[in-house]
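*Asks:* Turn this into a model:
(chains A and B)
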Amino acid sequence: MTQLSRRDFLKAGGVLAANALLPKHITSLTPTGGKYPNIILILWDAFSARHLSLYGYPRLTTPNIDSFAARSIVFHNHYSGGNFTTTGTASMLTGMNAWKHRAINYGGLVKNEFAQINPYTLLGSDYYRFAFSQNPWPDRLMGQYDKDIDRFIPPSAYSLAKKNSPAQNFKRDRALATIALDDFLLPVQSDSSVTGSALLGYLNKSETLNANEQKISYRGGTPEIMDPGYLIPYLNENVYKGMYSELSQLAARQTPYFAYLHLYSPHFPYRPRNDYRQLFRGDGYNPVSKPVNPFSGGVQEDYITTQRDLYDRQIAQIDDEFGNLILGLEESGALDNSYLIFTSDHGELFERGFVGHGFQLMYEDVLRVPLIIHAPAQTKRKDVFTPCGNIDILPTILSIAGKKIPAAIDGKILPEFGGQEDENRAIFSVAAMDNSAFAPIKKAAIAMRKRAYKLIAYIGYDLKQNFELYHLENDPDELNDLTEKETKIFSEMKDELLSNLDEANRAFAK
Amino acid sequence: MNKIGIRFFTEKSLTRHDVLGAYAVIVLLVYSWTLITSFYKFPSWMFYLTLGQIGAIYAYAFSINFIESIVTLAGVSFLEFTLFLFLKNKEEILPRSILAALILLGTAMWRLVLFQDYVDSAAFVSGELKWWLLTFAVGAPAVIFAAKIKWIKKILEGLADRALVFLYIYLPLTALAIVVVIIRNIN
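*Replies:* Numbering: from 1, shown residues only, chains lettered A, B, ... in the order given. The predicted structure follows:
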């Protein structure tokens, strides 16, 4: 892959953006000529839509993505089904709300009866199917249907790790093998308990930590690392080069392909390369101050600011890698007849005394994720403002491939791909990690987006206030709770949310 | 046959009683550690895994434990034929092997308990060589001399006798576990 400097790429991006202004029409968004289109789904872990300049963030974090968006469909109100990887990714891969697919716990799995509802199984053998997740949790989710994946590379592929996890040897039982070996018997780190295997666990931990502690010769600074638990050090440039190589090989095949790349950055810990370390320093950006949430740890504001800056720099670096990847793929023709989907599994919060994601915080920064889809030969930008969820991605993929959409899927085909814009549709995001996956949900934080409103419900928690209501168009920072002012809207949304939960619980209680 | 070879066969041939006794204690330690640590994980597993899936995790665990116990036994035996090669008293082989296994596994377990979190990584690595050197410096003479003390010897032999019952429990379970793992991984 040709290496471009940041400046060169920005120039190229400018040319592409200018191209997009030409009055061209998007080519058909449905399969034509009887040949299945290729589908590439690239997911950046923990990528908050509110930190992309594309979506109005005051810092120019994503010039390359912005340029790419100029010839893509940009979804402005796209929500993840959960606020951490397992739930968010499972919602996307199953097209179901979390209270149905039940991957609601950290590192959890999709309910067995729905495990076969996923892009790999449903696209079938008409497609060559490729999977790669740097994050071991989605790797585990896909391990539930590994037999339907033609090429499934391990999380440590293209990393600096010298060996793969021992669980990767159990290719036909990947999901449970990773829980048994990576989480329990041979974890390098475990914050909740000690290694389950005394001798082999110790040896594995010692070998991995000693390898990681060795100073890796890397001019760019400190390698990124998947942390905590797995400790796989990696360099984004290697990972993106690897993805370029994989996609180029896929493009060379005669059969159409589906590729899902779940890339770990910009997930915590944020370790931008040295050449990004000065970016945004002293730029005067001062986000609005927000009240500390009862569920947050009450992290100090200066720490939040430091982490936010690192996160934004990490995003800028990812954007650069993304730019190089796309440019390389386009030049090689690897993207001909390919749909490209870019999104995330959840966002990241730097507010209200909290840094990161998960727990019960359900604000925009952690739920609203980017969704940018480029259709083959598309040259003009389209914007979709209707709220949609990542449960819509699977039915859209199936629609693109001309496949049947199973009735169990909650998601709808996205607008611009044959789906109808529905202003009255409610989009749900669920954080129910305090519940058993096998019991009705009694304790959860649930967000519901409908029209311009967003309701957050804290079900089963002993709080002064169990609901928050915001008007996101007037109050995008979610500062003015309207539960007492907009009582009618509040009451309607609350009833709708609770009735949906009741219905999900009732079906489950059977 | 040279002098060392003669010693090997006359003084170092491990009896079935020695091997089984030492192995029983190793099995007791290795499997019990896994079972105890699994209790910390069990509540979270119950949250998102079926009982069948939890059973499969134990199948992996027992399979790994089996490998681990064999590796430990091999390590202890290796000591007997290297470091302890010139120790003559055959009656001390069993208590010495048990003590060596206790020190080896005990040190690993202790360090795993001490350095659990990510923040402990640097400390784990930087102190590792010192820990093991100290363990070796103190442990090797302790193993040699403690095995000569009658009451310690008696306790260790008693432990080995009592631990034998665990072989009857764990080894059949392990055989079943290996079958489960194989079946789950057949194409």
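*Asks:* Quick check: closest non-adjacent residue to the residue sitting furthest away from the middle of chain A.
*Replies:* Largest separation from the mean C-alpha position in chain A: residue A:199, at 36.3 Å (C-alpha atoms, centre = their mean). Distances taken as C-beta to C-beta, 6 or more residues apart in numbering or on different chains place residue B:68 nearest to residue A:199, at 4.8 Å, with adjacent residues excluded. For the C-beta atoms, the positions are set from N, CA and C on the backbone; glycine is no exception.
*Asks:* what element comes up after the helix or strand encompassing that neighbour heading to the C-terminus?
*Replies:* Using DSSP states H and E, residue B:68 falls within helix B:51-81. For helix B:51-81, the following helix or strand on the C-terminal side (DSSP H and E) is helix B:93-114.
*Asks:* Now do that following helix: distance to the chain's middle.
*Replies:* Relative to the chain's own centre, helix B:93-114 is displaced by 7 Å; criterion: C-alpha atoms, centre = their mean, to the nearest Å.
*Asks:* Against which helices or strands is it packed?
*Replies:* helix A:199-213, helix B:16-48, helix B:51-81, helix B:121-146, helix B:150-184 (3 or more C-beta pairs under 8 Å, 6 or more residues apart in numbering or on different chains; DSSP states H and E).
*Asks:* can you state the direction angle for the last one and helix B:51-81?
*Replies:* Relative orientation of helix B:150-184 with respect to helix B:51-81: 130 degrees, computed using axes from the mean of the first three to the mean of the last three C-alpha atoms, to 10 degrees.
*Asks:* which parts of helix B:150-184 are buried?
*Replies:* Neighbour-count burial for helix B:150-184 flags B:153, B:156-157, B:159-160, B:163-164, B:166-167, B:170-171, B:173-174, B:177, B:180-181 (criterion: 16 or more other C-beta atoms under 10 Å in any protein chain shown).
*Asks:* Now do it against helix B:16-48, angle only.
*Replies:* 50 degrees.
*Asks:* Which neighbouring elements make contact with helix B:150-184?
*Replies:* helix B:16-48, helix B:51-81, helix B:93-114.
*Asks:* Check those for me and report the most buried one.
*Replies:* helix B:93-114 (a mean of 21; mean count of other C-beta atoms under 10 Å in any protein chain shown).
*Asks:* Please report phi then psi for residue A:88.
*Replies:* phi -60, psi -50 (degrees, to the nearest 10).
*Asks:* That one against residue A:94, yeah?
*Replies:* No. Look at residue A:88 against residue A:94 with C-beta atoms under 8 Å: they stay out of range, at 11.4 Å.
*Asks:* Which of these two has more residues huddled nearby?
*Replies:* residue A:88 (34 against 30; other C-beta atoms under 10 Å in any protein chain shown).
*Asks:* Contacts only, for that one.
*Replies:* Taking C-beta atoms under 8 Å, 6 or more residues apart in numbering or on different chains, we find residue A:88 in contact with A:80, A:81, A:82, A:344, A:345, A:346, A:369, A:390.
*Asks:* next one: residue B:71
*Replies:* Per C-beta under 8 Å, 6+ apart, neighbours of residue B:71: A:199, A:200.
*Asks:* Okay, it and residue A:188: tell me how far apart.
*Replies:* Distance of residue B:71 to residue A:188, computed by C-beta to C-beta, to the nearest Å: 19 Å.
*Asks:* Report pLDDT for the closest residue to residue A:180 other than its chain neighbours.
*Replies:* Leaving aside its sequence neighbours, residue A:180 sits nearest to residue B:60 (C-beta to C-beta, 6+ apart; 3.6 Å). Note on residue B:60: pLDDT of 98.
*Asks:* what's the answer for residue B:115, then?
*Replies:* 87.
*Asks:* Near the residue nearest to it when sequence neighbours are not counted, how many residues? Count them for me, please.
*Replies:* Excluding the flanking residues, the one nearest residue B:115 by C-beta to C-beta, 6+ apart is residue B:124, at 4.0 Å. Residue B:124 has 21 neighbours, counted by other C-beta under 10 Å.
*Asks:* that older thread, the residue nearest to residue A:199 reaches residue A:200, doesn't it?
*Replies:* Yes. Contact criterion C-beta under 8 Å: residue B:68 and residue A:200 qualify, at 5.1 Å.
*Asks:* Residue A:261 belongs to a strand?
*Replies:* Yes. The assignment for residue A:261 by DSSP: H, G, I helix; E, B strand; the rest coil puts it in a strand.
*Asks:* May I have the phi/psi pair for the nearest residue to it once chain neighbours are set aside?
*Replies:* Of all residues not flanking residue A:261 in the chain, residue A:42 sits nearest, at 4.9 Å (C-beta to C-beta, 6+ apart). Note on residue A:42: its backbone torsions stand at phi -110, psi 120 [degrees, to the nearest 10].
*Asks:* distance of residue A:42 from residue B:97?
*Replies:* Where residue B:97 is concerned, residue A:42 sits at a distance of 56 Å (C-beta to C-beta).
*Asks:* Geometric centre of chain B: which residue is closest?
*Replies:* residue B:26 (3.6 Å).
*Asks:* Quick check: that residue touching residue B:76?
*Replies:* Yes. With contacts counted by C-beta under 8 Å, residue B:26 reaches residue B:76, the gap being 7.5 Å.
*Asks:* in the stretch 251-400 of chain A, what residue is nearest chain B?
*Replies:* Closest residue of the stretch 251-400 of chain A to chain B, C-beta to the nearest C-beta: residue A:269 (9.7 Å).
*Asks:* Does that residue touch residue A:222 like I think?
*Replies:* No. Look at residue A:269 against residue A:222 with C-beta under 8 Å: they stay out of range, at 9.2 Å.
*Asks:* what two of the buried residues of helix B:150-184 are the furthest from one another?
*Replies:* B:153 and B:180 (39.6 Å; C-beta to C-beta).
*Asks:* what residues are up against residue 58?
*Replies:* Because you didn't say which chain, this covers chain A. Applying C-beta under 8 Å, 6+ apart, the residues contacting residue A:58 are residue A:285.
*Asks:* nope, chain B
*Replies:* B:38, B:177.
*Asks:* which residues does the closest residue to residue A:151 other than its chain neighbours bridge with?
*Replies:* In this structure, residue A:151 finds its nearest non-sequential neighbour in residue A:130, 4.8 Å apart by C-beta to C-beta, 6+ apart. As for beta bridges, residue A:130 partners with residue A:151, residue A:259 under DSSP bridges.
*Asks:* Could you tell me the per-residue confidence at residue A:130?
*Replies:* 98.
*Asks:* Residue A:211 too?
*Replies:* 78.
*Asks:* how far away is residue B:172 from residue B:52?
*Replies:* 20 Å.
*Asks:* Was I right to think residue A:352 contacts residue A:364?
*Replies:* No. In this structure, residue A:352 is not within contact of residue A:364 by C-beta under 8 Å, at 11.6 Å.
*Asks:* rewinding a little: report the secondary structure state of the residue of the stretch 251-400 of chain A closest to chain B.
*Replies:* Residue A:269 - assigned by three-state DSSP - is coil.
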